[in-house]
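Asker: Below are the sequence and a predicted model for it; my questions follow.
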Amino acid sequence: MRFRIVPSLLYLGLIMIVFRLWYWQILSSDTLTARAEQQRVSSQTLLAPRGQIYFSDGSLLASTEPTFLVFAQPKLIKNKGEVARKLALLFWEDRRHDELDVDPAKKEIQVTQQQARIEEDINSRLQKDLFWVSLGIKVSMDTKQRIEKENFFGIGFDTYLTRFYPEGSTSAHLLGFISSDAYGSEAGYFGLEGFYNGELKGKNGLLTQDKDAQGLPILIGTYKIKDAKPGKTLLLNVDRTIQHIVEENLRLGKEKYGAKSASAIVMDPKTGNVLALASFPNYDPAAPADFSKEFFRNPITVDSYEPGSTFKVLVMAAGINEDLVQPETSCDRCGGPLSIGGYIIRTWNNKYSANLSMTDAIIHSDNTGMVFVAKKLGADKLFAYIQKFGFGELTGIDLQDEQTPQLRPLPSWKEIDLATASFGQGISSTALQLVRAVAAIANNGVMMEPHVVHTIADGEKVTVINPREVSRPISEQTAKLVTEMMVKAVEEGEAKFFKPKGFKVAGKTGTAQIPVAGHYDASKTIASFIGFAPADNPKFIMLVRYDQPSSSIYGAETAAPTFFNIAKEVFNYYGLAPTE
Amino acid sequence: MLTLGIMAFLLLVVVEIWALNRLSTFGEQITRFEKTSNDLQLENQILQNRIASLSSLREIQNRSLLLGFRAVHLVDYFKPSDVASAK
C-alpha cells in the first residue's frame, strides 16, 4: 500500500510542478515578462531642442536655454525644515528682484520676508504625504549646480529647454512666442514661431536600456536609442542693425509725438526681403503670460487702416499707366472744393490751385487733383488697379498672423466712394499691403512677395527661399514717372525740412482720419510716411506709422521725421554716399 | 590535444565571466560619464547664449555709452574733386 502512495504523491507533485511551470511560462508569460521588463528596463526621453533663429548676419535672435524643474520626494527627506531653509536661499538668489527698495535697511527686511515666504512654500510642499512634489521651475544651471553641491537626499532635477532671446524683448511681433498647446506640448504662436512651428519644433528621442536595482545601466543588457531630431534653423532676411535702428527711433518717436502706437517696416523692394519690422507697444516673447492678448497682434500684418494720402501715389500710377494723365497734365477743376454726391471734397489746408499739375497734386497732397485722376479712371479701372496692387488679398508673408481687409464690392461703389478712394479714405489696407504695393513703384513696376526667412537649414540640407515675383501692376516707364513725382514730393512737399541733404529720396506723407461711429474724427489720425531710397536704385522701402499722435496730427510732422532719422542711419550703415 | 582544447575552452569561459562581471559593474562610471557629457553640452549651450547676449546690439550700445562713445550722425564723404591726384 505504502509503495503505491509514495509514487502517486511523487507523480502528483511532478504534475503540479509541470502545471505551475506551464502556468508561469505559457499562460502568464506575457504578464511576467512585462513585469520583469518594467523592473529592469528604463526609458528616458531625449529632448530635441527647438530650432535656432538667426539674423541675416548670423547673430542669434532666438535660441534655447536649458532650465530645470527641481522636485522632491518628501517621503525620503528627513530634515525637511533644514532642506527648505537652504533651498529658499538658493531659490531667492535665482530669481529677479527688481522691486527691492533702494534703502539698505528696508531692503534687508524685504529680502528676509521674501526668503521666509519661499521657505514656507517649500516647507509646506515637503510636508505633503506625496511621493513627488515640484519645488521650482525654470531654475538656472548655476543654481542647479549649487543645489547639487548641498547633496540633499530626495531632491532631483528634470531638464527643460526654454526659449532664449539674446537681444531681450526686441522683435517680439516678428518672432511670436512659445507656449503650451491644448495637449500641453510646446508650440509656437504668432510671427515666425507660429508660421514655422512645424520646422522649428524638434522630435524627441527615446533611450531604452536595462538598469540594475540601483538604477545604473547594465552594459550587457538591452540598449536601444532613437536619437532626438533637433528643429530646423532659420536664417532671416532681417538685418540686425536696421532692426535695432528702427526700434530705437520708433520707440523715441512714439514718446516724442505722444502716439498711441507706432509701427515701421523696412523692405528691399527688389526682392521683397523684410529688413526690419517693429511695433510699439510690444511684449516680452520670453514672458507672454505677463501681457494681455491684444499685445500679440502684429499691427503691420493684421491692423487695417485707411492709408490716406500715401495711397495717392498708387492712384496716380494707375492714371499714368492707363495713359489718362501725365505728370504735367493740368487739372481744370481743382480751383476750389468739389461737390460730389452731397459731400464737399476739400484739400487738407483748404488751399486750391487752378490748373494744378499732377506732380503738384502729389507734392501738395491735393485731394481735388486726385479726384480728377479717379474720375478719368472711373470706378472699374480704379478698382481693377487696387486689386492689381494686391489689396484685398494676403501678401503671403511668412508670419502666422497675417490678415486682410476685404474690398467693398465694385457694384456698391458710389461716386463719392470713387472720389474718397483716390486720396486713400474709405478704403482699408494693412501696412504690409501698402508697402508691397508701393514697392512695385520702386522696383520698376514689379511687385514682389514679402519674405522674412531667407534659409531653412536642416543639418546638411539647406533650403533657400528665393525672391518671388507676384505681378507687374504698372509698366517700368510709369514706375519711373511716379518715382520722380515722389522725389519732388519729398524735395518740395511738407516734409522737405527733414530730408537728408544730397540723397535722392522718393516719398509721400499720409494723414488719414480715423472713422469713429460713422463719421471721421478730425482730431484722431493715423500719421504715416512711405518712401524709398536712393530713388534711382532703391536699397530699401520703409513705412513709418503713428496711431493718433498727440503732438501733431500730420504725417509730415511726425512720421516723416522718424522716417528720415532712420533713413540717415541706414545710409551710414550701408555706406551710401550723397549723390547730389 | 583534447586536454588542451578543454583547457582553452575553460579559459574562455573564465574570461567571459570575468569580462561580463567587470562590464556589469561599469554602470556607475557610465552614468557619471553620461551626466558629465550632458552637463557639458548644457553648459556649452548656456555659454553660447551668454556670448550672444554680451554681443547683442543693446548690450554693445549700453556699454559704449558708458565708455563715452556717441553715435555718428554726420558723415563727410570725399568727392573725387577733393582728392589730390598726380598725373
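Answerer: Thanks, I have the structure now.
Asker: What's the first helix or strand after the helix or strand containing residue A:22?
Answerer: Assigned by DSSP states H and E, residue A:22 falls within helix A:2-22. Tracing the chain past helix A:2-22, the next element assigned as helix or strand by DSSP H and E is helix A:29-40.
Asker: Quick check, residue A:157 in contact with residue A:72.
Answerer: No: in terms of CB atoms under 8 Å, residue A:157 does not count as a neighbour of residue A:72; the distance is 10.7 Å. Just so you know, the C-beta spots here come from the backbone N, C-alpha and C atoms, and that holds for glycine as well.
Asker: These two: which is more packed in?
Answerer: Between residue A:157 and residue A:72, counted using other CB atoms under 10 Å in any protein chain shown, the more crowded position is residue A:72 (27 against 14).
Asker: Dig out what the more buried one forms beta bridges with.
Answerer: Following DSSP bridges, residue A:72 is listed with bridge partners residue A:133, residue A:155.
Asker: Quick check, it in contact with residue A:128.
Answerer: No: Residue A:72 is not in contact with residue A:128 according to CB under 8 Å; the separation is 9.5 Å.
Asker: where's the residue most central in space within chain B, which helix or strand?
Answerer: Here the mean C-alpha position of chain B is nearest to the C-alpha of residue B:44 (CA atoms, centre = their mean), at a distance of 5.2 Å. Residue B:44 belongs to helix B:27-54 when assigned by DSSP H and E.
Asker: end-to-end on stretch A:275-285?
Answerer: Length of stretch A:275-285, first residue to last, CA to CA, to the nearest Å: 20 Å.
Asker: What are the buried residues along that stretch?
Answerer: Of all the residues in stretch A:275-285, those buried under the rule 16 or more other CB atoms under 10 Å in any protein chain shown are A:275-280, A:282-285.
Asker: For it, what does the pLDDT average out to?
Answerer: Here stretch A:275-285 scores 93 as its mean pLDDT.
Asker: Also stretch A:463-472?
Answerer: For stretch A:463-472, the per-residue pLDDT averages 95.
Asker: got any ranges where the chain has weak pLDDT?
Answerer: This is for chain A. A:1, A:96-98, A:169, A:517-518 (pLDDT under 70).
Asker: oops, chain B please
Answerer: Checking chain B against pLDDT under 70 turns up B:80-87.
Asker: What's the first helix or strand after the strand or helix carrying residue A:44?
Answerer: Using DSSP H and E, residue A:44 maps to strand A:41-46. Note on strand A:41-46: by DSSP H and E, the next helix or strand toward the C-terminus is strand A:53-54.
Asker: So in that sheet, which strands flank that next one, and in what orientation?
Answerer: strand A:60-72 (antiparallel), strand A:233-236 (parallel).
Asker: Next up, the contacts around the closest residue in space to residue A:328 that isn't next to it in sequence.
Answerer: Leaving aside its sequence neighbours, residue A:328 sits nearest to residue A:357 (CB to CB, 6 or more residues apart in numbering or on different chains; 5.5 Å). Shown in contact with residue A:357 (CB atoms under 8 Å, 6 or more residues apart in numbering or on different chains): A:327-331.
Asker: Kindly report the same for residue A:219.
Answerer: Residue A:219 neighbours (CB under 8 Å, 6+ apart): B:23-24, B:26-27, B:30.
Asker: Smallest gap between the stretch 51-200 of chain A and chain B, at which residue?
Answerer: Using CB to the nearest CB, the single residue of the stretch 51-200 of chain A nearest to chain B is residue A:166, 3.6 Å away.
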